Structures are given as structure tokens and as C-alpha cells.
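In: Requesting a structural model of the entry that follows:
(one chain, ligands or ions: 12)
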Amino acid sequence: MKNRWQKLLMVLVLVFFYGCVTAQETRKSSEPPAVKAKTSQVPQPATVKHASVNSLDAPAVYQQPVAPLTTLQCAQCHEPVFNNIKANGGKHQLHCRECHETIHTYRPGKKWQDVVPQCATCHGEAHGPSFLACLACHADPHAPIASLVNLAELEKGCATCHDAQKVEVAKFLSAHTEVSCSECHHTKHGYKPDCRECHEEPHTAYVDNATCIVCHPVHSPKQISYPETTANVVCAGCHGVVAQHLESSHRKHSQQTCVFCHVDQHGYVPDCTKCHAQPHSAAMLKRFDNNCTECHGEPHALILPGHKD
Ligand code: HEC
Ligand code: HEC
Ligand code: HEC
Ligand code: HEC
Ligand code: HEC
Ligand code: HEC
Ligand code: HEC
Ligand code: HEC
Ligand code: HEC
Ligand code: HEC
Ligand code: HEC
Ligand code: HEC
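Out: Numbering: from 1, shown residues only. Ligands and ions are numbered 1, 2, ... in the order given. Coordinates of the predicted model:
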């Protein structure tokens, strides 16, 4: 009687054990059923764990070359790292082994830096000798851009990496010289602001930054220059009277744009003789001290002596 109960108990224990093991097996391996059949006698935990390689007989296995772990195999244990690279890795979506040439050799007493990959192997001194502590800014090697440190931290380095802008802002003094880099480039590294964030009602109709930058280089906004396509209406916003004169005149200057005569540099005023080399006899001009406007009035509302208008 006692013996029968013992036997039944043993069977139950075996069935339960086998159930657990196969459940684990289906979770961990994608082996075809044939492999299960092979191990379906009385499974030893050790053999079940290595079911995937057990499709070969034991001695034959040792004839196989050992392939390096693939990225997906690393991911089976390091899933968080894998998911991180997948979501935030950017151009670091490389195979694990491209960076981690040696793994699992880290032991207490060994230096961590000697085990993990060195940025310099692939990048050298990416930003020159001033920025060698890569992880101080790229906090996570598996997400090097997404993990960039905050702007307050970067601010110290703006000028070193963007020397040209720093020099420009300092050389051409303007109100923008007083504005810090990250007051304009706020929120995140690389962000470029709209002029209108600070200049709510600019003197020119705003379409986008390009509208303003044709005249105001943003890091030296007082170095105003403009293209020859600039419409009179842009100048008229500030030079209303002059523009009005030009528009209501019937003389030939009205067929020209402001910037045809006032080329390139704001404030440039041409001589009449730049375009009209010798309109009159030298004797006549000398008598009037070369003063064209005495007879012709101002250039935006020309007078032709002897003509109406
Ligand atoms: C069987 C599971 C397993 C697999 C497969 C595995 N690792 Fe690990 N790995 C671990 C464990 C456990 C540790 C030590 C604990 C920890 O840091 O999470 C570790 C630690 C590490 C470390 C820390 C530093 C070191 O070398 O000790 C790195 C780097 C690493 N693994 C990379 C990899 C890469 C790359 C692969 C694939 C080529 C890989 N691992 C495959 C389990 C695994
Ligand atoms: C671009 C190079 C690069 C790639 C690709 C890369 N790693 Fe790393 N990984 C590093 C560096 C560098 C460190 C050391 C960071 C430190 O010093 O704190 C590191 C650290 C680790 C660590 C230990 C610290 C941690 O974050 O847990 C593990 C584990 C790890 N990597 C696993 C992987 C796995 C798995 C893959 C592929 C899925 C992978 N790495 C891909 C460069 C890389
Ligand atoms: C095994 C070589 C390797 C190592 C080691 C490595 N990188 Fe890279 N890294 C690359 C490659 C390849 C790219 C992509 C380059 C490209 O396409 O221009 C890249 C790109 C980057 C980028 C730009 C990423 C993007 O999405 O635009 C940053 C930032 C970067 N690496 C930082 C680091 C830092 C910091 C380390 C050390 C923690 C490091 N890398 C280690 C190979 C490496
Ligand atoms: C002071 C902070 C800082 C340090 C330190 C730093 N980086 Fe960067 N790195 C940046 C910033 C900011 C960018 C630009 C990111 C972007 O494109 O928005 C960048 C971009 C990169 C890129 C992308 C390629 C490019 O030029 O556009 C690589 C690669 C890179 N860093 C590698 C490194 C390496 C390697 C080190 C260490 C030798 C390092 N960085 C140290 C801040 C830093
Ligand atoms: C360690 C070097 C480094 C530091 C520090 C750094 N940058 Fe950059 N920055 C870069 C790199 C690399 C790029 C991307 C490549 C490029 O376009 O020049 C970039 C891109 C930019 C861009 C976009 C450029 C474009 O043409 O789209 C702006 C704007 C910028 N940085 C502003 C800043 C400001 C403001 C700071 C300080 C808060 C700063 N950066 C700090 C390296 C740096
Ligand atoms: C008054 C606001 C303002 C200030 C201050 C400012 N920037 Fe800019 N910056 C801009 C704008 C707007 C752009 C985009 C211009 C465009 O659309 O072409 C820009 C563009 C850039 C670029 C991209 C390349 C270029 O020149 O177009 C870099 C790099 C840059 N700034 C760095 C800096 C640095 C470094 C500082 C501090 C020394 C700084 N900026 C100060 C507004 C500013
Ligand atoms: C983060 C705020 C900010 C942004 C963005 C900004 N500016 Fe300014 N700007 C200022 C301040 C502050 C002044 C000085 C007060 C004023 O004139 O409103 C100024 C003054 C100027 C001046 C007069 C310069 C002087 O020294 O008298 C010009 C021109 C100018 N900005 C053009 C631009 C243009 C063009 C853009 C876009 C490309 C721009 N600004 C974007 C803050 C900004
Ligand atoms: C055709 C050239 C031109 C364009 C386009 C232009 N500006 Fe100007 N801007 C000027 C001139 C010229 C001045 C006057 C400079 C002086 O006072 O010496 C000026 C002055 C300014 C000033 C100084 C304050 C003021 O109003 O007198 C600001 C701010 C300004 N501009 C912002 C802008 C913004 C923002 C845009 C884009 C919507 C823009 N500008 C487009 C030529 C231009
Ligand atoms: C935002 C207002 C503004 C705009 C837009 C503007 N100007 Fe001016 N301009 C001024 C101011 C203010 C002065 C006088 C300050 C000075 O002497 O620099 C001036 C001076 C001048 C002068 C020199 C006058 C002298 O007596 O020397 C000329 C020429 C001129 N502007 C032409 C233009 C032309 C052409 C445009 C269009 C491309 C233009 N301006 C757009 C504000 C503006
Ligand atoms: C045909 C050439 C020509 C055209 C077109 C022209 N100008 Fe002029 N402008 C001149 C000359 C020449 C002077 C210098 C007059 C003098 O010496 O008294 C001048 C003087 C000025 C002055 C300074 C003196 C004053 O009258 O206030 C301003 C401002 C000016 N122009 C703005 C403009 C604007 C704005 C436009 C377009 C609406 C314009 N100009 C179109 C040739 C031109
Ligand atoms: C940037 C060149 C330029 C400048 C500077 C210039 N003009 Fe002219 N001017 C012209 C052009 C172009 C015409 C038209 C010629 C034609 O169609 O035959 C013209 C025509 C004239 C005419 C004849 C007008 C008519 O309706 O028949 C007079 C008079 C004249 N200019 C006087 C002046 C005086 C005075 C100045 C200086 C205050 C001046 N110009 C400066 C380009 C210029
Ligand atoms: C003493 C008065 C006087 C002075 C000073 C004077 N002009 Fe004239 N200008 C005239 C008269 C009168 C005409 C002829 C009008 C006509 O065609 O009937 C004329 C005609 C012109 C014409 C038109 C020629 C044509 O063939 O259509 C131009 C251009 C001109 N002047 C430019 C100038 C310039 C430039 C200056 C200064 C260097 C100047 N003038 C000085 C009186 C003057």
C-alpha cells in the first residue's frame, strides 16, 4: 500500500518536473519538435538547457567551429541595452561586437576602462584635444546623441567648437553680442530660433528667418548688406518719404530700384558721376561747382530744367 503511494508520488513528481522543463524549453528555444522527441526520455536539466546544440551527437558537436555570439544572442541577455540602441542609438546601431571586442572579462580588481570599448579607436579626438572625456557629454555610448548633456553644461564649450560664430559675434559688436549663445539656441543643442521669438514686429514683413538674414547676418546683425533683388517696399518701411518721392516722380530714376543705386552696403550713397560720367561741358559744371542737384533737385524727384514735371 505504502509502496503504491510512493510510486504514484514519484510519477507525479516526474510529470511535474518534465512539464516545467518543457515549458522552459519552448520559451527559450525555437527548436523544431524533432529535438524535443530526442530528449523526451527522462530529461536531465543539463541536457535540456542545451537542447539547441543537441541535435548533434555529443562527440560530433566538438567537431563544430564555435561561432561568435551574434548581436541578437547578446540581446537575449542584454535586452535593455538592445532596446536602448534600437530606440535611441542613432548611427550607433552597429553590431555589439564592432565595439565590444572582448566581453565578460570584467572582474573586481580589473579596470573597467580596460574592458569596455574606447571611443578613440573609431573617432580619434573627435572635437580636438580639449574634449577628451567623451562620456562627460555623450553620457550613454549606446545613445550618443540622445544622451547629450544639457545646454548649461555645453555652454562652456560653444565657443571652442564653434569658433567662427564666437569670433563673429565678438568682432562686430551689436545688441546680439550681449545675448548668450544658448539664450538664442535654447531647448536643445542645434536648435535655431526664429527672429520673431524676440522681434515680434519686425520692420519688414516676416516670412521666415531667410527674409531677415539676407540683410542681417544673425551673429553680426549690424553688418547689413542686401541682394540686388531687394524690393523698394523693404526700404520704404523706414524711408517712407524718399520712397514716396521716387514713386510719384515721372523721371527715369523712378524706373530703378533703391538698391540699383544704393548697392550692397546700407548707407552707401553714390556720386551722380558714377553713372553720368560727363553729362555737360566741363566749363558749365565748373560754374556750378559740380553741383548737380542745384539744377536737377534731389535724385528721387529729379527736375529737368525746361521740362514740366
Ligand atoms: C548568457 C547571457 C549573456 C550573454 C549571451 C551575453 N552577456 Fe554580457 N553579461 C552577462 C552578464 C550576466 C553580465 C554581468 C552582469 C551585468 O553586468 O549585467 C554581463 C556583462 C557584460 C558587460 C559588462 C562588462 C564585461 O565585459 O563584463 C558587457 C560589455 C557585456 N556583457 C557585453 C555583452 C556582449 C557584447 C554580448 C554579445 C557578444 C554579451 N554580453 C552576451 C550576460 C550575458
Ligand atoms: C558604439 C560602440 C558600442 C556598441 C555598438 C555597443 N556598445 Fe555596449 N558599451 C560601449 C561602451 C563604450 C561601454 C562602456 C560605457 C562606460 O564606460 O560606462 C559599453 C557598455 C556596455 C555594457 C555595460 C554597461 C551597461 O550599459 O549595461 C553592456 C552590458 C553593453 N555595453 C552591452 C552591449 C550590447 C549587448 C550591445 C549590442 C546590442 C552593445 N553593448 C553595443 C560601446 C558600445
Ligand atoms: C567600433 C567603432 C566605434 C566606437 C568604438 C565608437 N563609435 Fe561612435 N560611431 C561609429 C560609427 C561607425 C558612427 C557613424 C558615423 C557616420 O555615419 O558618420 C558613429 C557615430 C557617432 C556619433 C554620431 C551619432 C549620430 O547618431 O549621429 C557620436 C556622437 C558618436 N559616434 C560618439 C561616440 C562615443 C562618445 C563613443 C565612445 C563612448 C563612440 N562613439 C565609440 C563607430 C564607433
Ligand atoms: C563638451 C561636450 C562634448 C564632449 C566632451 C564630446 N562631445 Fe562629441 N559632440 C558634442 C556635441 C554637442 C555634438 C553635436 C551633436 C549634434 O549633432 O547635435 C557632438 C558630436 C559628436 C559626433 C558626431 C559627428 C559630428 O562631428 O557631427 C561624434 C562622432 C562625437 N561627437 C564623438 C565624440 C568623441 C569620440 C568624444 C571624446 C573624444 C566626444 N565626442 C566628446 C559634444 C561633446
Ligand atoms: C564638443 C563640441 C561642441 C560643443 C561644445 C557645442 N557644439 Fe554645437 N555642434 C557641434 C557639432 C559637431 C555639430 C554638428 C555638425 C555641424 O553642423 O557643425 C554642432 C551643431 C550645432 C548647431 C547647428 C548647426 C547647423 O548648421 O545646423 C548649432 C546651432 C550649434 N551647434 C550651437 C551650439 C551652441 C549654442 C553650443 C553651446 C551651448 C554648442 N553648439 C556646443 C559641436 C559642438
Ligand atoms: C540673437 C540670437 C543668436 C545668438 C546670440 C547666437 N546665435 Fe547662432 N544662430 C542664430 C540663428 C537664428 C541661426 C540660424 C541662422 C539661419 O537660419 O541660417 C544661428 C546659427 C548658428 C549656427 C549654424 C551655422 C551658422 O552660422 O548659420 C551655429 C554653429 C551657431 N549659430 C552657433 C552660435 C554660437 C556658438 C553662439 C554664441 C557665440 C551663437 N550662435 C549666438 C541665432 C543666434
Ligand atoms: C533670443 C532673442 C533674440 C533672437 C532670437 C533674435 N534677436 Fe535680434 N536682438 C535681440 C535683442 C535683445 C536685441 C536688442 C534689443 C532690440 O533691438 O530689440 C536685438 C537686436 C537686433 C538688431 C539690432 C542690432 C543692434 O545692435 O542695434 C537686429 C538687426 C536684430 N536683432 C536682428 C535679428 C535677426 C535678423 C534675428 C533672426 C535671425 C534676430 N535678431 C533674432 C534678441 C534676439
Ligand atoms: C533689405 C534689408 C533688410 C531686411 C530684409 C531686414 N532688415 Fe532689419 N534693418 C535693415 C536696416 C537697413 C536697418 C537699420 C539699420 C540702422 O539703423 O542703421 C534695420 C534695422 C533692424 C533692427 C533694429 C531696430 C529697428 O527696427 O530699427 C531690427 C531689430 C531688425 N532690423 C530686425 C529685422 C528682422 C527681424 C527682419 C526680418 C523680418 C529684418 N530686420 C529684415 C535692413 C533690413
Ligand atoms: C529699419 C529701418 C531701415 C531700413 C529697413 C532701411 N533703412 Fe536706410 N537708414 C535707416 C536709418 C535709421 C538711417 C540713418 C542712420 C545712419 O546714418 O546709419 C539710414 C540711412 C540710409 C542711407 C544713408 C543716408 C545718409 O544720409 O547717409 C541710405 C542711402 C539708406 N539708408 C538707404 C536704404 C536702402 C536702400 C534701404 C533698403 C535696402 C534701407 N535704407 C533700409 C533705417 C533703415
Ligand atoms: C537713380 C539712383 C537712386 C535711386 C533709384 C535711389 N536713390 Fe537714394 N540717393 C541717390 C543719390 C545719388 C543720393 C545722394 C543725393 C545727394 O547727394 O544729395 C541718394 C540719397 C539717398 C538718401 C539720403 C538722403 C535723403 O534724401 O534722405 C536716402 C535715405 C536714400 N537715398 C534712400 C533711397 C531709397 C529708400 C530709395 C528707393 C525708394 C532710393 N534712395 C532710390 C540715388 C538713388
Ligand atoms: C547708379 C546709377 C545712377 C546714379 C548714381 C545717378 N543716376 Fe541719373 N540716371 C541713371 C539712369 C539709369 C538714368 C536713365 C537713363 C536713360 O534711361 O537714358 C538716369 C537718368 C538721369 C536724368 C535724366 C532723367 C530723365 O527722366 O530723363 C537725370 C537728369 C539724372 N539721371 C541726374 C542724376 C543726378 C543729378 C544724379 C546724382 C544726384 C544721378 N542722376 C545719379 C542712373 C543713375
Ligand atoms: C546749370 C544747371 C545744371 C547743372 C549744374 C547740371 N545739369 Fe544736367 N541738365 C541740365 C539741363 C538744362 C539739361 C537738359 C534738359 C533737357 O534735355 O532739356 C540737363 C540734362 C541732364 C541729363 C540728361 C541728359 C540726357 O541726354 O537726357 C543728365 C543725365 C544730367 N543732366 C546729369 C547731370 C549731372 C550728373 C550733373 C552734375 C555733374 C548735372 N547734370 C548738372 C542742367 C544742369
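In: Find the nearest non-adjacent residue to residue 181, please.
Out: In this structure, residue 181 finds its nearest non-sequential neighbour in residue 158, 4.4 Å apart by C-beta to C-beta, 6 or more residues apart in numbering. All C-beta atoms are positioned from the backbone trio N, CA, C, and that covers glycine.
In: so where do the helices sit in the stretch 201-309 of the chain?
Out: 209-213, 232-236, 240-248, 258-261, 282-287, 292-296 (DSSP state H, counting those that start in this stretch).
In: Show me the contact partners of the last one.
Out: Looking back up the chat, that one is helix 292-296. 272, 276, 279, 288, 299, 302-305 (C-beta atoms under 8 Å, 6 or more residues apart in numbering).
In: The first one too?
Out: When contacts are taken as C-beta under 8 Å, 6+ apart, the neighbours of helix 209-213 outside the stretch itself are 192, 194-195, 202, 204-206, 218.
In: which of those sit farthest apart?
Out: 192 and 205 (20.6 Å; C-beta to C-beta).
In: Looks like residue 304 contacts residue 253 (just checking).
Out: No: assessed by C-beta atoms under 8 Å, residue 304 is found out of contact with residue 253, at 11.0 Å.
In: more neighbours, these two?
Out: The residue with more neighbours, out of residue 304 and residue 253, is residue 253; 17 against 13, by other C-beta atoms under 10 Å.
In: give the contact list for that one.
Out: 246, 261, 299-300, 302.
In: Could you identify which of the residues you listed has the most neighbours?
Out: Of all these, the highest neighbour tally under other C-beta under 10 Å goes to residue 246, namely 24 neighbours.
In: what's the closest non-adjacent residue to that residue?
Out: residue 300 is the one closest to residue 246 (C-beta to C-beta, 6+ apart), at 4.3 Å.
In: contacting residues around that neighbour?
Out: Here residue 300 is in contact with 242, 245-246, 249, 253 (C-beta under 8 Å, 6+ apart).
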